[in-house]
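> Pasting a predicted model and its sequence here:
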Amino acid sequence: MRSLDIASTGMLAQQLNVEVISNNIANMNTTGYKRARAEFQDLLYQTVARPGAETGGFGQRRATGIQIGTGVETAGVYRINEQGNLNATGGRFDLAIDGRGFLRVEMPTGEDAFTRAGSLQVSAEGDLVTPDGYRVLPGATIPEDALEVVISEAGAIQVRRAGETELVEVGEIELASFQNEAGLNALGANLVAETEASGIPIFGLPGEPGFGTLRQGFLETSNVNPVAEITSLITAQRAYEMNSRVIQTADEMMTTLGQIR
Amino acid sequence: MDIQPSISLSHAAALRRRLDVVANNIANMNTAGFRREDTMFGTHATRIAGDLPPGMARAAHIMDLGISFDRKAGRMIPTGSPLDIAIDGDGWLAVEGPDGRPAYTRAGHLQVLPTGELALSSGDIVRGEGGAPILFAPDETEIDIGPDGTVTTPEGIAGRIELWTFRPGTAPERLGGSLYRGLADPVDAPNTRLRAGFIEGSNVEPIAEMTRMIDILRSYQSGQRLNDKISELRSQAVERLGRVTQ
């Protein structure tokens, strides 16, 4: 029976849906996390009779065809790059991006990766690094004796050293923007990488047209909306149950068939 | 000729097809822009041989006439993504189908291809006015889609998404992948609007599909029970007739 296969595609799809939702809920408190959404599309149709096919010998045509669907498939899981809330932390090297853009970091492999989680730290060498120790590009060396570090909305890093009264600029933070942010490849650990689908990174300073501004002492929370996620979870669970009911019904019909005398 | 088994068979076959359609509706409960389908059955009357009163000398088989789809709109699901569009009103997005001919969809999850064209998430290019693709320069990042389909970036207007509607009385063919094909005309109706940041869900009503499914199962079972009764009746008849002739 075709219904069995159709319902199994439905159950698989809902299982994936639940997986995506549970990952969103798990990352509810992850800095800079962007929620994901599973998208589905109907599978190909089996045409039993084409619309417009001749039915009688007198030019009558079928107004509607007979096309039987074969279930559902996952079209993709995409990230929704809506801005998260800005949460005041007071951290000296906590940076939130208000608007579009990503920080550029250098991976151990030498390749570039991008992140919106701006909980930065200073390495032993004085470089600005992510919590995993990856250097933020273009690099800026924070002097050891820096008493005060001010990062402006436009990305300028200024420090005041011991014994000085003036702030001195030691570097700046650049942002990268992509045409199709949804096409970025998630690497885990809050990092994404460019792909053919995302397009090449466009670099610019914070505050320039098309780029957001930087907020020192703030972190961007995840954009997961718990209420919406729980609602979708309930919908997904019900859909899963209903697909399993289809399997039961098909099974019962086959049992009936087996009892024919 | 005994016509009952063939009528029963047509009944069972029709119910199995109906279950397939209901199963597909349920499987696509969360598919963006999906349209609920339903079977259309008709009767095929045949004359029964023999001396019967007029009006009773006919047997009706169930015949599959077609599968219709419900054009009612699905609910709007907010996604917050500026490249997700839902259509408010009877309008369809036109895309370049896999074979190069236009196809239509209501699943408006869009993306920008590496080549700069606006496309569906499946990669099918969206047709703008006059069938031309909507193109973006590589450094255009802030894309905004207005209610009338105008696509703007900070650099200006990139194009306009045109909406189409199927000609009344025609039945669009389903291509799978949320695409439909049929005779369509462009809509310029002001009551059809695009809503960015939303995706249209499917118009499947789960409760209705469940009741339909229960109905199918019970109808199938009672059909089989009727079969059993008739075969019992037949064997009894054979037995009794045999007894008389002894």
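Now that the structure is in, tell me what you want to look at.
> okay, CA-based contacts and neighbour counts for the rest of this
Noted.
> hmm, who's touching the helix or strand harbouring A:R215?
A:R215 is part of strand A:213-216, with elements assigned from DSSP states H and E. Applying CA atoms under 8 Å, 6 or more residues apart in numbering or on different chains, the contact partners of strand A:213-216 are A:90-99, A:150-155, A:206-207.
> give me that answer again for 10 Å
With CA atoms under 10 Å, 6 or more residues apart in numbering or on different chains as the test, strand A:213-216 has contacts from A:86, A:88-101, A:118-119, A:149-156, A:173-175, A:205-207.
> Give me the below-cutoff pLDDT ranges for the chain.
Let's take chain A. Scanning chain A with the threshold set as pLDDT under 70 gives A:51-63, A:261.
> was after chain B, sorry
For chain B (pLDDT under 70), the answer is B:1, B:55, B:57, B:188-190, B:244-246.
> Contact residues of the stretch 101-250 of chain A facing chain B?
Counting by CA under 10 Å from any CA of the partner chain, the stretch 101-250 of chain A comes close to chain B at A:177-183, A:195-203, A:209-211, A:228, A:232, A:235-236, A:238-240, A:242-243, A:245-247, A:249-250.
> same thing but at 7 Å, please
A:178-180, A:196-199, A:202, A:210, A:239, A:243, A:246, A:249 (CA under 7 Å from any CA of the partner chain).
> Could I get the full set of helices for the chain?
Using chain A. Chain-ordered helices for chain A, with DSSP state H as the definition, fall at A:2-26, A:226-258.
> should've been chain B
Secondary structure of chain B (DSSP H): helices at B:4-27, B:206-244.
> what's the angle from the longest one to helix B:4-27?
In this case it means helix B:206-244. 160 degrees (axes from the mean of the first three to the mean of the last three CA atoms, to 10 degrees).
> ok, and does helix B:206-244 reach over to chain A?
Yes. Among the residues of helix B:206-244, B:217, B:221, B:228 lie within reach of chain A under CA under 7 Å from any CA.
> Up against chain A, what does chain B have?
Contact residues (CA under 7 Å from any CA) of chain B with chain A: B:19-21, B:23-24, B:26-32, B:66-68, B:80-81, B:111-114, B:138-142, B:170-171, B:174-178, B:217, B:221, B:228.
> Which residues does A:F40 form beta bridges with?
A:T74 (DSSP bridges).
> so it touches B:T31, yeah?
Yes. Between A:F40 and B:T31 there is a contact under CA atoms under 7 Å: 4.8 Å.
> Backbone dihedrals for B:P154, please?
phi -60, psi -20 (degrees, to the nearest 10).
> show me the contacts for A:P226.
A:I25 (CA atoms under 7 Å, 6 or more residues apart in numbering or on different chains).
> Which single residue of the stretch 151-261 of chain A approaches chain B most closely?
A:Q179 (4.5 Å; CA to the nearest CA).
> That residue and A:E196 touch, don't they?
No. Assessed by CA under 7 Å, A:Q179 is found out of contact with A:E196, at 11.0 Å.
> more crowded one of these two?
When neighbours are counted by other CA atoms under 10 Å in any protein chain shown, A:Q179 comes out ahead of the other of A:Q179 and A:E196, with 26 against 13.
> How about the contacts made by A:Q83?
Applying CA under 7 Å, 6+ apart, the residues near A:Q83 are A:99, A:223.
> For ChimeraX, write the select line for the buried members of the contacts of strand A:213-216.
Filtering the contacts of strand A:213-216 down to the buried ones (16 or more other CA atoms under 10 Å in any protein chain shown) takes a single ChimeraX command:
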select /A:86,92,93,94,95,96,97,98,99,100,101,118,119,149,150,151,152,153,154,155,156,173,174,175,205,206,207
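> In strands only, show me the contacts of strand A:213-216.
Among the contacts of strand A:213-216, DSSP state E puts A:86, A:88, A:94-98, A:118-119, A:149-151, A:156, A:175 in strands.
> quick one, what contacts A:V192?
With contact taken as CA under 7 Å, 6+ apart, A:V192 is in contact with A:113-115, A:184-186.
> right, so of the helices of chain A, which gets closest to B:A73?
helix A:226-258 (18.6 Å; CA to CA).
> Which parts of that closest one count as buried, going by neighbours?
Within helix A:226-258, the residues that count as buried by 16+ other CA under 10 Å are A:229, A:232-233, A:235-237, A:239-240, A:242-247, A:249-250, A:252-253, A:256.
> what's the angle from it to helix A:2-26?
160 degrees.
> these two touch, right, B:F166 and B:R181?
No. Counting by CA under 7 Å, B:F166 stays clear of B:R181, with 8.9 Å between them.
> burial of B:L217, as a residue count?
B:L217: 20 neighbours (other CA under 10 Å).
> nope, B:L183 is what I was after
Using other CA under 10 Å, the number of residues around B:L183 comes to 14.
> give me phi/psi at it?
According to degrees, to the nearest 10, B:L183 has phi -80, psi 120.
> separation between it and chain A?
12 Å (CA to the nearest CA, to the nearest Å).
> Enumerate every residue touching that residue.
Applying CA under 7 Å, 6+ apart, we find B:L183 in contact with B:166-167.
> So it versus B:W92, what's the distance?
12 Å (CA to CA, to the nearest Å).
> do A:M1 as well
Going from A:M1 to B:W92 by CA to CA gives 33 Å.
> ditto for A:T213
Taking CA to CA, one finds A:T213 at 38 Å from B:W92.
> B:S68 now?
Note on B:S68: its distance to B:W92, by CA to CA, is 18 Å.
> Repeat that for B:R16.
32 Å.
> go on, A:V72?
21 Å.
> Give me the more crowded residue out of these two.
Under the neighbour definition other CA under 10 Å, A:V72 and B:W92 were set side by side, and A:V72 has more, 31 against 28.
> The more buried one and A:Y45 touch, don't they?
No. Between A:V72 and A:Y45 there is no contact under CA under 7 Å: 10.6 Å.
> how about the CA coordinates for the strand holding A:R215, as PDB?
Extracted C-alpha coordinates of strand A:213-216, given in PDB (Å, rounded to 0.1, in the frame of the first residue of the first chain):
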ATOM      1  CA  THR A 213      27.500  49.100  14.800                       C
ATOM      2  CA  LEU A 214      29.500  47.600  17.600                       C
ATOM      3  CA  ARG A 215      28.400  47.800  21.300                       C
ATOM      4  CA  GLN A 216      31.100  47.300  23.900                       C
END
